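J.: Need a 3D model of the following:
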Amino acid sequence: MSVAAVICEVRYRIDKMAIDEFTAYAETWKRLIERYGGTHYGYFMSREAPAGAAMSFPQAGEDEANDIAVALFSFPDDAAYLRYRDDVAKDADGIEANLRFRKSPPFISYQRVFLERLL
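T.: Sure, this is the predicted structure:
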């Protein structure tokens, strides 16, 4: 088991008609992560680029769709992350959130990636 920090990015494709429900989802999971020892850096939604903001490397990049939201959080190490997963599964708010959002998620899809600090 790694003693390195667990840093996780979750990227959602959201339903723009369900922003209020996605906000409720975000508030719930931010609170649960922090309750069980994690640091949550927030949820961020895509927006239009500033006028005239050209791509620095247009041959290799493209502007993302405008239906993206990103969450970023961390735990001190693998053990803390796994403890959070166990604890939130037994927490009344965690159980309620899983029941509520599993039936009708306020997003179309999501991707999760675990990161490590490069610099």
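
J.: need the contact list for Y25.
T.: 97, 101, 105-107 (Cβ atoms under 8 Å, 6 or more residues apart in numbering). Just so you know, the C-beta spots here come from the backbone N, C-alpha and C atoms, and that holds for glycine as well.

J.: residue ranges with poor pLDDT in the chain?
T.: Residue ranges of the chain with pLDDT under 70: none are present.

J.: What separation do you get for the residue nearest the centre of it and D93?
T.: Compute the mean C-alpha point of the chain, and by Cα atoms, centre = their mean the closest residue is A71, 2.7 Å away. Separation of A71 from D93 (Cβ to Cβ, to the nearest Å) stands at 17 Å.

J.: For the chain, which segments count as helices?
T.: 19-35, 78-90, 92-103 (DSSP state H).

J.: Minimum distance to D67: which of those helices has it?
T.: helix 19-35 (10.5 Å; Cβ to Cβ).

J.: centre of the chain versus that closest one, how much separation?
T.: 10 Å (Cα atoms, centre = their mean, to the nearest Å).

J.: buried stuff in that helix?
T.: Within helix 19-35, the residues scored as buried using 16 or more other Cβ atoms under 10 Å are 21-22, 25-26, 28-30, 32-33.

J.: Output it as PDB, nothing but the C-alphas.
T.: C-alpha atoms of helix 19-35 as PDB (Å, rounded to 0.1, in the frame of the first residue of the first chain):
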ATOM      1  CA  ILE A  19     -27.400  22.000 -12.500                       C
ATOM      2  CA  ASP A  20     -29.300  22.400  -9.300                       C
ATOM      3  CA  GLU A  21     -29.200  18.600  -8.700                       C
ATOM      4  CA  PHE A  22     -25.500  18.500  -9.600                       C
ATOM      5  CA  THR A  23     -24.800  21.300  -7.100                       C
ATOM      6  CA  ALA A  24     -26.600  19.300  -4.400                       C
ATOM      7  CA  TYR A  25     -24.500  16.300  -5.400                       C
ATOM      8  CA  ALA A  26     -21.300  18.300  -5.200                       C
ATOM      9  CA  GLU A  27     -22.100  19.800  -1.800                       C
ATOM     10  CA  THR A  28     -22.900  16.400  -0.400                       C
ATOM     11  CA  TRP A  29     -19.700  14.700  -1.600                       C
ATOM     12  CA  LYS A  30     -17.500  17.700  -0.600                       C
ATOM     13  CA  ARG A  31     -18.900  17.500   2.900                       C
ATOM     14  CA  LEU A  32     -18.500  13.700   3.100                       C
ATOM     15  CA  ILE A  33     -14.900  13.800   1.900                       C
ATOM     16  CA  GLU A  34     -14.000  16.500   4.400                       C
ATOM     17  CA  ARG A  35     -15.800  14.700   7.200                       C
END
